[in-house]
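K.L.:
Generate a structure from the sequence data that follows.
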Amino acid sequence: MNDHEKSLEKLLKMEKAINEMLEMHQQVIELRELENQRQRAMEALQAGEEKYRAVVENIPQKLYLKDKDSYYVFCNGKYAADLKIKPEEISGKTDFDFFPKELAEKYLADDKRIMATGQPENIEDRYVHEGQTFIVHTVKTPIIDAKGEPVGILGIFGDITEQKRNEEEMRKYRVHLEELVSNRTAELQTVNQQWEREISERRRLEDQLQETAGMYRTLLENTGTAMVLIEEDMTISMANGEFEKFSGYSREEVEGKKSLTEFVTHADLERIKESCLASGTIPDAPPGHFEGRLVDKQGNIRDVRIWAAGVSGTQKAVVSLLDITERKQIEESLRLLGEHYQALVENANEAIFVMEEGHLKFGNPKIFEISGYTKEELSSRPFTEFIHPDDRDMFELGQRNQSLEKPFQAQPFRLIHKEGHIQWVENKGSLIHWEGKPAVLSFMTDITVRKHTEEELRSSIESFRVLVNDMEKILVALDREGPEKGK
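P.N.:
Next up, the predicted model:
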């Protein structure tokens, strides 16, 4: 190949390279344009997602999204709060992770049925939580893709317990009104015939009313507790003799002249109003009761239990007050006694513990100090395992004697410390009942120092005894030696 051909070949290669570079440059421009388009699309999508999330998070209902296999994909904050998780933690979980098996299986069956039919359903479910029955209304809608295939479930639900309760109350009220209308219609049809009888009946009812008022006064006076009848403005319109004794005021000083606000605190007064309102709006509701405080004529503050209920058909209310000052004082004394008892037990120089069927059930800090073990360690095994093997039979015999209610005696034995050394202790026990079962209450003293002292004393006595014996032998030998020298 000559030089001309070589130059031509090089030019062709350069032209090809330039063309490739131009193509690459064009591709770069197109990629940048695509990237700009994608960025704008992402920004639009993000803006749309933020709007969507704002809507989802602010609707009053709970919302979730599942895939076609009923795995959670997404939920809003209200649903996550019900499940006590964060919204992002729900992805990949199923109903079996949050609900009892029977309920989770029902939810799964609902999902499969709805995705199979492709039709949304309104479902009402009842469930019991912490002793209360709740009703939930759920709208489950299948999510259909472009091919018409179900790819998931959208669920929106809310608590309609209060709505159902109101509907039931309205139904009962409607039935009641219908009965009233029916009865009134029947009465109107016979009103002309009953006119004369109404006059005599009215007189009889007036007499009966007076008799009833007297009966109520008698009942009020004989209830055994302080009671007052109050008006809408809290004025006391009637008070019984017990209230006179309780408050220190005479009936003449109270009735129509004093308000209940002069005897109870503002907080207790509000609770009385709430109780009266509840008894007036809830049929057959028992009187509300709570503990409060009352100020008598001398300014003494008394602890009381207060019952309050509205009088049906009026703006009046009956308030009953029971003096529980003495009971409160006893409760406070018991509380202080409990604190003193705990202080004595916790700070006792003796180990105090309770054993039931050979296992520790209670112990003060001293038992753990003497043994070196924690409460969990001492409770996890039979107590005899912490006793020296040579002393276990003696200890168990002492426990059996106590279980037969024999007089207990001090019982020394060796306790194996957690670190391996021996602790000498002296135990006294008595039979008690602990949480309804027979048990032994033990008082254990650390006598290790005393035992060591006794052992040292015993060794000293033994040494002294040996010395005395040796001296006796020497004296005897001297006595024998003396006469021989005399001869």
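
K.L.:
list the buried ones in the helix or strand where Y173 lies?
P.N.:
Applying DSSP states H and E as the criterion places Y173 in helix 161-189. Of all the residues in helix 161-189, those buried under the rule 16 or more other CB atoms under 10 Å are K164. (Each C-beta comes from the backbone N, C-alpha and C, glycine too.)

K.L.:
Let me know the average pLDDT across that helix.
P.N.:
Taken as a whole, helix 161-189 carries a mean pLDDT of 77.

K.L.:
how close does N240 sit to G310?
P.N.:
19 Å (CB to CB, to the nearest Å).

K.L.:
Now do the helices in the stretch 51-200 of the chain.
P.N.:
77-83, 101-117, 161-189, 191-221 (DSSP state H, counting those that start in this stretch).

K.L.:
Adjacent strands (with direction) for whatever helix or strand comes next after the last one?
P.N.:
What it means is helix 191-221. Proceeding N to C from helix 191-221, the next assigned helix or strand is strand 226-230, under DSSP H and E. Taking DSSP bridges as the criterion, strand 226-230 sits next to strand 236-239 (antiparallel), strand 317-323 (antiparallel) in its sheet.

K.L.:
Could you list the buried residues of the shortest one?
P.N.:
The neighbour-count check on strand 236-239 (16+ other CB under 10 Å) flags I236, M238, A239 as buried.

K.L.:
Quick check: closest non-adjacent residue to K361.
P.N.:
V354 (4.8 Å; CB to CB, 6 or more residues apart in numbering).

K.L.:
Based on its surroundings, how many neighbours for the one you found?
P.N.:
17 (other CB atoms under 10 Å).

K.L.:
please begin residue numbering at 320 from this point
P.N.:
Done: numbering now begins at 320, and the last item shifts to V673.

K.L.:
Go ahead and confirm it touches F681.
P.N.:
Yes - in this structure, V673 is within contact of F681 by CB atoms under 8 Å, at 4.3 Å.

K.L.:
what touches both of the two?
P.N.:
W753 (CB atoms under 8 Å, 6 or more residues apart in numbering).

K.L.:
can you list the weak-confidence ranges in the stretch 320-469 of the chain?
P.N.:
Residues of the stretch 320-469 of the chain meeting the criterion pLDDT under 70: 320-323, 325-327, 329-330, 344, 354-375, 446-449.

K.L.:
so where do the strands sit in it?
P.N.:
Remark: strands assigned in the stretch 320-469 of the chain by DSSP state E, counting those that start in this stretch are 381-386, 391-394, 440-448, 451-463, 469-478.

K.L.:
From the chain's centroid, how far away is the longest one?
P.N.:
Okay, so that is strand 451-463. Its chain's C-alpha centre and that of strand 451-463 lie 29 Å apart, by CA atoms, centre = their mean, to the nearest Å.

K.L.:
other SSEs contacting that strand?
P.N.:
helix 420-436, strand 440-448, strand 469-478, helix 480-508 (3 or more CB pairs under 8 Å, 6 or more residues apart in numbering; DSSP states H and E).

K.L.:
What strands flank that strand, and is each parallel or antiparallel?
P.N.:
strand 440-448 (antiparallel), strand 469-478 (antiparallel).

K.L.:
mind listing what's buried in it?
P.N.:
Buried, per 16+ other CB under 10 Å, within strand 451-463: H456, T457, K459, P461, I462.

K.L.:
and the third one, what is it in contact with?
P.N.:
When the contact criterion is CB under 8 Å, 6+ apart, the partners of K459 are D429, D430, I433, P439, E440, I442, I472, L473, G474.

K.L.:
Touching, the fourth one and R432? I think so.
P.N.:
No - the pair P439 and R432 fails to qualify as a contact (CB under 8 Å) at a distance of 11.5 Å.

K.L.:
in whichever strand or helix holds W743, what counts as buried?
P.N.:
Assigned by DSSP H and E, W743 belongs to strand 741-753. For strand 741-753, the neighbour count (16+ other CB under 10 Å) marks Q742, W743, V744, E745, N746, K747, G748, L750 as buried.

K.L.:
Among those residues, which one lies nearest to K385?
P.N.:
Nearest to K385 out of those is L750 (CB to CB; 62.3 Å).

K.L.:
Just the mean pLDDT for the strand or helix carrying V768, thanks.
P.N.:
Element membership for V768, per DSSP H and E: helix 767-805. In this model, helix 767-805 carries a mean pLDDT of 71.

K.L.:
How many residues are close by R646?
P.N.:
With other CB under 10 Å as criterion, R646 counts 12.

K.L.:
For it, which residues are in contact?
P.N.:
R646 neighbours (CB under 8 Å, 6+ apart): D622.

K.L.:
how about a cut-off of 10 Å?
P.N.:
D622, R624 (CB atoms under 10 Å, 6 or more residues apart in numbering).

K.L.:
secondary structure element for it?
P.N.:
Going by DSSP H and E, R646 is part of helix 644-666.

K.L.:
average pLDDT across that helix?
P.N.:
pLDDT averaged over helix 644-666 gives 79.

K.L.:
The next helix or strand after that helix pairs with which strands, parallel or anti?
P.N.:
Moving toward the C-terminus from helix 644-666, the next helix or strand (DSSP H and E) is strand 670-675. In the sheet, strand 670-675 lines up against strand 678-682 (antiparallel), strand 756-765 (antiparallel) (DSSP bridges).

K.L.:
Tell me which residues of strand 670-675 come out buried.
P.N.:
Quick answer for strand 670-675 (16+ other CB under 10 Å): A670, I671, F672, V673, M674, E675.

K.L.:
okay but M713 is in contact with F732, surely?
P.N.:
Yes - using CB atoms under 10 Å, M713 makes contact with F732 at a distance of 6.3 Å.
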